[in-house]
Each structure stands twice: as C-alpha cells, then as structure tokens.
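Engineer: From the sequence below, what's the structure:
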Amino acid sequence: MPRPNDLLDVLLTGPHRTGRVTHIESIPARAAKPGAWPLWVDPVVRDRFMTAGIVAPWAHQAQAAALAWSRRHVVIATGTASGKSLAYQLPALTAARTGRRLGGTTLYISPTKALAADQLRSLDELGVPGVMATTYDGDTPIELRDVARTHATYLLTNPDMLHHAMLPAHHRWAGFLRSLRFVVVDECHGYRGVFGSHVAQVLRRLRRVCAMYGSTPTFVLASATTANPARTAKLLIGMLPIEAVTEDGSPSGAKTFLLWEPPLLGDGATRDARSAGTAPAPGDTAPAPGDTAPTSSDTTTTLSDTSTTPGHAATASGDTDTSRPNAGPSDADAATVDAPPATTTAAGPVARDPHLGAADPGRPAVSSPTITGDGAPDPAGPERGSGSWGVDGGSARRRSVLAETADLLTDLVIADARTVAFVRSRRAAETVAGLARSALTEVDASLPNRVASYRAGYLAYERRSLEAALNDGSLVGLAATTALELGVDVSGLDAVLIAGWPGTRASLWQQAGRAGRAGQESLAVLVASDNPLDSYLVQHPEAIFEQPVEETVLDPDNPYVLAPHLCAAAAERPLTSQDAAIFGPSTDDVLATLEHRRLLRRRVKDETTWHWTKRERPTDLADLRGSGGLVSLVEAGTGRVLGTVDGVRAHSTAHEGAVYVHQGDTYVIESLDLDDGVAMALPGAPDYTTTAREVSTLRVLEESASEKWGAARLTFGTVEVVSQVVGYLKRALRNGAVLGEVPLDLPERRLRTRSVWWTLPDDAIAAAGVSMADAPGAAHAAEHASIGILPLVASCDRWDIGGLSTLLHPDTGMLTVFVHDGHPGGAGFAERGFHAARSWLTATRDTIAACPCRDGCPSCVQSPKCGNGNAPLDKAGAVRLLDMLLSGTD
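Structural biologist: You can find the predicted model right below:
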C-alpha cells in the first residue's frame, strides 16, 4: 500500500506543482480506548462479531449500546470509520434474537439506498441465527415486500419509503410496528435544511403511529462529529430527552491533509508531462461537458441557474436516487400557504434589471441587460469554478477544479493508489472520470477501465456493481458524488480528493474519512474551486482545522414543511389537539390554515379531530428531497431508461436541446414532458455544451427582524422570488465560445422564502466613495461574495441560497442586497446569516480585499450562477460599500 509521503511526492512531481499547495496539515494517529462486551449481549451475537475479527467493542460503542439497551434515546457522534454501526447493532441484534412477538424488531433508516445495501451486506456476513434482515426501498421487488412485512426483524429503509409506503399503509405493518424496539437513524448529520425538516416530521409521524400500536421504540442516531449533536437529534425526533456519546474510542491512522489551489491560467496551468508518462489532459484549453466556460462577452446565466422553485427546493444533500413508489394524483400547492399575487402593471409583470431597480430620473442609467439575480440553482449544473466566469478579459481566473482533480486522480491511479474523488454534481462525476480515463489511455491501455464514476441517477445494478468493484480492487479510481459519502464501507482507500468545498466541515471530514478506514495512514486533498469561499479557506487553513464542526441547521416548524405532514398524519389517524405535543408549536396555526383551505375537515364530538377527506394521496404533497418528483431519461428509438433526474433539475439539465452525459456517452434531449415525467434523449456527439438562462424578480412580503447599523439597516424577513428558465446557450467545446441562443417556453416558478438583506441610502453610498454609476456593480459584487461566504456561518453551500442586488428596490426605496434561502418557507440559512451578520460580512469584505486580482474574479466577486453574466461588477466599490456597512456596527 502506498504511504502518504510517497503519494505526496507523486502529486508534487513536475514543474509548478509545489506552488499549488497552500497548506499541509499533519493529523496524528489516535490510540484506541477499548471497552468490554456488555453482559446483556446475546452470546450468539457476541460470538459472531468475534468471529468477524472484533475482539471487543471500543469504549464509545459499548457506552452507546448500553444506553440504547436501557431504553434511553442516544446519539453517537464520532468520526468516520469509528464503528458506529456496532453501537446500534449490538442491542438491535440481541433484541431481534427474541423474535417479533416479544418486541424484537428494528427499523433502520438511512438517507441513501447505497448505505442501506452496505448495512445489509454486513448483517448477512455476520449471519446471526434468528435474525431476518432485509431492505425495503424502491429497488425491492414487489414479491419480496410482503416477505419483509411479514417476517423481517431488522428492516432497512429510507425516509422516502417510510413517508410514501410504510406510514400510509401502517395497518399492513401492524405486526412489525407493534414489536418495534429500536429505530436507528443513520448519518443523521445529513438531515439538514428542508430535507432534514421533512425527515423530522416523518419521524414524528412514525412515533405517533407506533403509539397507536402500543410501542415506544428507542431511537439510536448515528452522526459524524458535529456541534451540539444532542440538540440536532432532539430536533429530528421531537425534543425527547436524549444522551450524546461524543468521545471517540476507535484508533485512527495518521492522515496528511493538503489544501490545493489550482493555478491561474497561463501560470503552469496545462498538464505537466512527467516521468510517469502522463499525457496532457483534456480540459485545460477547452471545457468538457459539464465544465462550461463562458466568455468575456457573455451576459447570460449558466446551466446551474435553476433552483428557486416553490415546493421543489434545490438540495445539496446527498443521494436523490431513492425511487418513489407509484404515486396517485397530487395537488402541487395544496399544503402551502397562499402568497399574495405578484406585482403587475396593465401590461403584465414588470421586467426590469434587478441590479438597477425602479426607474429614477435622478439616477444615471447603467447598462446591464438581463433581469435575473444570483439564483439558488440546482447542484446538477456546472461544478463551481469549473469554467471561466469572467466578464473582464483582464480578470484572473484559475484552472478548472474538475480538470485539476482529474489530473490528481490520474496520477494516483498510475501509482496504484485506491482513490475516490468527491465532486459536487452528477455531471462533474462524469467529467472527472472521463478526463482521467482520457489521460490514462496515453499511459497504459488497461488503466482507463480501472476508473469509473458513481452518482445518483444510475440504475440499481450499476451502483451495486461499482461498489463491489471498488471494494475488490478492480476499480482503483472513482469520481463520486455524495451518494458515496454517507457511510458506505469502502475499506482500504489510500487517498481522497475533494473537488471544491463540500459545504460543511462535517461533510469535509466525512469525505476525508473515507481514506484510511482500516486504520492505515492516508492522504486527503481539498482542491479549491474558483470561488470566494474556497479561496478564503485554502488561504486561511485555521478556518478548517481550528474551528469546530458546524451545528446542523433544520426547522421542522417551517409551515411549508409541517402542513403536508399534518395532512398525511390525519390520513393515518385523525389528528387531535394533543398532537401539537408531537408536531410542534406551529401545529395549531397550520391546522387552522389547512381547515380554512378545506384540506382538512374538523369534527367536534367528544373531542375535536381533524380528518383528511380527499381522494388524493396526502403524502404526495410533501417532496422530502425537494426533487419535484423524478423525470426519467429515455433513449429515443430503443425505450431504454438511461437514468433519472430530479424534477427541479429537469428545467436546466433535461430541457429540449440540452446536452446530457451518461457514463461517458453523450445525448441530446429531444423533448421534455414535465407532466408525465419523461425526457426523450437522442444519442449524439455534439461539439458544444448547453447552459440554461433564467430570469428572476424579488419582492419583500414581511419584515421579521431589523437592526440599525449607522446609516445602513440589516433586515430578516419573508420574500417572494419569481423565476423562469427562458432559454439556453450553445457553447463550443473547443473554447467555450457562444455559438447561439435558443429560446425555451418553460413554466414560471414562484418561491416564497426567507431572506436577509441590507440597505444603504444615497448619502451613505456617496460617503463610501462610490458613485451612483458604479453602485450597481459594487452592490452586485458584494452580493456574490456574501453568498459565497455565508457557508462559513451556516451549514449550507452557495447552491442552497440565492440573492439579488439593486440600486433602488421598490420595497426599500434604496440600494439593497438580498441573500435568500433557496427553499419554500426558508431553511434557516438566511436567519443564521442575520444573527451572525458581522462575522459573515467582515469575512466577505476581507476575502474581496485580499484577492490579488485587479477587477474581480471567481475567487472573490464573480459567481458561476449569475443571471446577469457577472456584469456589472465593481470589486473596489464592493469593499467600500461593505466598509461603510460594517462601520455602523462599531
């Protein structure tokens, strides 16, 4: 097995490489703290673990298992590869040995099917007699589902199946639920934002249904190391008393962690021909599919400008490949709160440049041709920093994070180092794997077959085959999305590459922990994307290595989340006033809204109850993962299903004319039917990529909190964003040049969400030394940078949030910069920004000021998802505006 120092030499060989490493962190090995087998563990269970090579549990495993066995809810929050599974398997398997009739069943819930499949493999390998373990998910054949309901003692599923299939048909699961002893919620740190809020309500419904059958299961939650895991666990399961086990007793091998910043183009950016025999990698002079490079003349938005979709939030969480059962008719907005109508004129909706605001004869006109702000797009779009986003030909830009990661992956595969490269999107996984395979072809014809991509959207057999190949060593390099991040037991990895900041420190350490899982030494490399946050972090390693992991942000009381789950709960069993204790303090208000909208009917007899009386399935009202349902990608002519794409992403990635890549094969979308959920794709080899254009407007609906900062004001409240994909650009593969623009006729989407915004009056702008002509560009630049830096204080990434800036907003009457959540009802990110505004905006100001570029670049003020084509932007003006803003906090 290669040692980290040897791999470090491999990566640093050749000219220009050493200067790309901004920091090397040496993480020492950790000694083990052994525990002892609890006396209550069934001897057969203990013997099976010992046969598998586990002499005794670690101290944290024994502690968490003992708490669970004594019927105390517990969350175990320790590092990756610390053996959290044993902590819940000991009590669960011991209970399962007693059988279903004696209260011995366990429900295991994971965020991904891959993780559940991995858990099932480990249980099958243990082979504990008397334990019937099986998965119940979208891949489970119909004939095996009855077997699971009737005989399973250890059932592995996911939140989607629990929501859509198990709880609505709870009477069919009566025997299992009546004997339910444990509920295991694995990788619970991944349940954040709107997805986490939905899962929290699903778990509340589970508790309520279990009570109907007389069971009170003990919850065991497993989490990566996070801040305040007990509070997060309480939010997830409903504020029950819970114990936290956080001291990691497992041994850990030493890890070398590199922070790596790709070079500025023209500064050694092309691939080095080294002694290993590697050839120049594609992608250095032209973007690959999914690695688009807008030119300086571009004033349009990119493929990723799509997410502010009401009812269909854009999520960064992980695996969205869980197949939903066949759903009945649904009322898309039946469980949401009505928003006031949009502002219109006699001629229709007002369409103006949001960076300029309303017309004012006293202000100079500034040319800025489009009308969209920096939306909160779908992560299926181009990788952050994956192309050039400059609008000024003199602006510095760095080499693509995807091309750089593909280079490193290529080098590690040549060195026979088993490596996973984590990327941020499906398309990026295909791109990195394709670039690496292309480069390896020049070295050894057998090597390209040892590299593959792994992402959501693949069919079940493809995913299982890739997991097996990585474990048995037939695959050496894998480009993977977060579908592989969460807990899948991939042992024996030598190195991990992380292409771009993954959004949170918890995710960073989760991904880095994939290497060295058997206790061996390992290497991890964070390759910075060309954006403000990544640039800040690789230049400030203390922000990574000396800061605690973030607290998970979720808000189960969000009325947009709570409403559909109250409808679903009423269908499972009529609601009563006592249910507010389960569903939270917003229950009464939301029940009144649902009753007013005639979605629930109130009946008064001995007690007041609320009933679901419609024919539709209420579970269809809640879109847990914000996917907007699934769109199947079908090969025209053969009818073969290539994969799936989330409904939200379909607007930007599967529209008519879009170029789509699947396992290295290129297709052009012939048609998109959003009603039927089908996109027809034609095989092809176009010499261009496609990027979608979107326009947006925003208006303030309500102010919830406000602070006066000298002449400025900081506000938090509710806004409505209206957005629409209106066309797409064709860009040449060779150089990213725009070949043409094609209009699209896709439906408008409305998002009512939460936002933080700040305002400055005209005299403060003048006092800051910014002219009215330059103010739109200064505000625009400050908006981009603040979006990029918000993840420092909130557990999100820039793809969870959006923004808009304007010289004169009609609702505030002055220069305004908005940063809003990209989810209906909000996700808590903007609120976190409001409460941490000083540190957030100070870091924003410092990042812009410290960037060595002249006029602004992707590392400071340019955005890969700007609907205005990154124009106008004024870097120096942004610093002056932020200085004026922050001076009011002294």
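Engineer: use CA for all of it now, contacts and neighbours both
Structural biologist: Noted.
Engineer: Which neighbouring elements make contact with the biggest helix by length in the chain?
Structural biologist: Looking across the chain with DSSP state H, the single longest helix is helix 193-212. Here helix 193-212 touches helix 229-237, helix 559-572, helix 580-583, going by 3 or more Cα pairs under 8 Å, 6 or more residues apart in numbering; DSSP states H and E.
Engineer: Next secondary structure element downstream of it?
Structural biologist: Heading C-terminal from helix 193-212, the first helix or strand you meet, by DSSP states H and E, is strand 218-223.
Engineer: where does the protein dip in pLDDT?
Structural biologist: Along the chain, segments meeting pLDDT under 70 span 1, 266-396, 456-460, 483-491, 517-519, 627-628, 663, 797, 864, 867-869.
Engineer: okay, now the domains of it?
Structural biologist: Structural domains annotated on the chain: 4-26+253-269+399-527, 43-245, 353-379+391-395+695-887, 559-621, as defined by automatic domain parsing.
Engineer: got the contact list for V879?
Structural biologist: Neighbouring residues of V879 by Cα atoms under 8 Å, 6 or more residues apart in numbering: A778, A782, R845, I848, A849.
Engineer: Also T216?
Structural biologist: T216 is in contact with L180, R181, R207, C210, counting by Cα under 8 Å, 6+ apart.
Engineer: distance of it from L177?
Structural biologist: 10 Å (Cα to Cα, to the nearest Å).
Engineer: so what sits against both of these two?
Structural biologist: C210.
Engineer: circling back: which one of the contacts of V879 sits in the busiest neighbourhood?
Structural biologist: Counting neighbours by other Cα atoms under 10 Å, A782 leads those with 31 neighbours.
Engineer: Give me the contact list for the stretch of helix or strand P91 belongs to.
Structural biologist: Using DSSP H and E, P91 falls within helix 84-96. With contacts defined as Cα under 8 Å, 6+ apart, helix 84-96 is touched by 41-42, 45, 57, 60-66, 68-69, 76, 78, 103-106, 128, 130-131, 153-154, 181-182, 184, 220, 222.
Engineer: For whichever helix or strand comes after it, name the packing helices and strands.
Structural biologist: Next helix or strand after helix 84-96 toward the C-terminus (DSSP H and E): strand 105-109. Judged by 3+ Cα pairs under 8 Å, 6+ apart, the packing partners of strand 105-109 are helix 84-96, strand 154-157, strand 180-185.
Engineer: nearest to G647, of those?
Structural biologist: The closest of those to G647 is strand 154-157. By Cα to Cα, the value is 22.7 Å.
Engineer: looking at the sheet around the residue nearest to T812 when sequence neighbours are not counted, what are its partners?
Structural biologist: Spatial nearest neighbour of T812, chain neighbours left out: T759 (7.6 Å); criterion: Cα to Cα, 6 or more residues apart in numbering. Here T759 sits in beta bridges with R713, T816, as judged by DSSP bridges.
Engineer: How about the contacts made by T759?
Structural biologist: Per Cα under 8 Å, 6+ apart, neighbours of T759: A712, R713, L714, T812, M814, L815, T816, V817.
Engineer: neighbours around the nearest residue to the fifth one once chain neighbours are set aside, how many?
Structural biologist: Distances taken as Cα to Cα, 6+ apart place L808 nearest to M814, at 4.5 Å, with adjacent residues excluded. Using other Cα under 10 Å, the number of residues around L808 comes to 24.
Engineer: now swap in A244 and tell me
Structural biologist: Look at A244: counted by other Cα under 10 Å, it has 20 neighbours.
Engineer: did I read that right, it in a helix?
Structural biologist: No: counting by DSSP: H, G, I helix; E, B strand; the rest coil, A244 falls outside a helix, being strand.
Engineer: That one contacts A230, doesn't it?
Structural biologist: Yes: with contact defined as Cα atoms under 8 Å, A244 reaches A230; the gap is 5.5 Å.
Engineer: which residues do the two both contact?
Structural biologist: Taking Cα under 8 Å, 6+ apart as the contact rule, A244 and A230 both touch V75.
Engineer: what about the strands in the stretch 451-600 of the chain?
Structural biologist: 451-454, 477-480, 495-499, 522-527, 575-576, 600-604 (DSSP state E, counting those that start in this stretch).
Engineer: Export these as TSV, with columns for distance to A433.
Structural biologist: Below are the strands of the stretch 451-600 of the chain laid out as TSV (distance: least, Cα to Cα, whole Å):
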stretch	distance to A433
strand 451-454	6
strand 477-480	6
strand 495-499	13
strand 522-527	16
strand 575-576	51
strand 600-604	50
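Engineer: So for R880, which of these sits nearest?
Structural biologist: Closest approach to R880 among the strands of the stretch 451-600 of the chain (Cα to Cα): strand 522-527, 30.5 Å.
Engineer: Are we agreed that D124 is in a helix?
Structural biologist: Yes: counting by three-state DSSP, one finds D124 located in a helix.
Engineer: Need the nearest residue in space to it, chain neighbours excluded.
Structural biologist: D124 sits nearest to A133 (Cα to Cα, 6+ apart), 7.7 Å away.
Engineer: ok, so of the contacts of T759, who is nearest N531?
Structural biologist: V817 (19.0 Å).
Engineer: So the closest residue to that closest one other than its chain neighbours versus G777, what's the distance?
Structural biologist: Spatial nearest neighbour of V817, excluding adjacent residues (Cα to Cα, 6+ apart): S805 at 4.3 Å. Distance of S805 to G777, computed by Cα to Cα: 9 Å.
Engineer: which residue ranges form the helices in the stretch 551-700 of the chain?
Structural biologist: 559-572, 580-583, 587-596, 647-653 (DSSP state H, counting those that start in this stretch).
Engineer: now the angle from the longest one to helix 193-212?
Structural biologist: This points to helix 559-572. For helix 559-572 against helix 193-212, the angle by axes from the mean of the first three to the mean of the last three Cα atoms, to 10 degrees is 20 degrees.
Engineer: L575 is in contact with T609, correct?
Structural biologist: Yes: T609 is within contact range of L575, at 5.3 Å (criterion: Cα under 8 Å).
Engineer: of these two, who's got more company?
Structural biologist: The neighbour comparison of T609 against L575 (other Cα under 10 Å) goes to L575, with 22 against 18.
Engineer: Now do the same contact list for that one.
Structural biologist: Here L575 is in contact with L566, A569, T609, W610, H611 (Cα under 8 Å, 6+ apart).
Engineer: Could you take those residues and lay them out as TSV, with extra columns for distance to L790?
Structural biologist: Output for those, formatted as TSV (distance: Cα to Cα, whole Å):
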residue	distance to L790
L566	32
A569	35
T609	43
W610	41
H611	42
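Engineer: Tell me the buried residues within these.
Structural biologist: Among the contacts of L575, those scoring as buried are L566, A569, T609, W610, H611 (criterion: 16 or more other Cα atoms under 10 Å).
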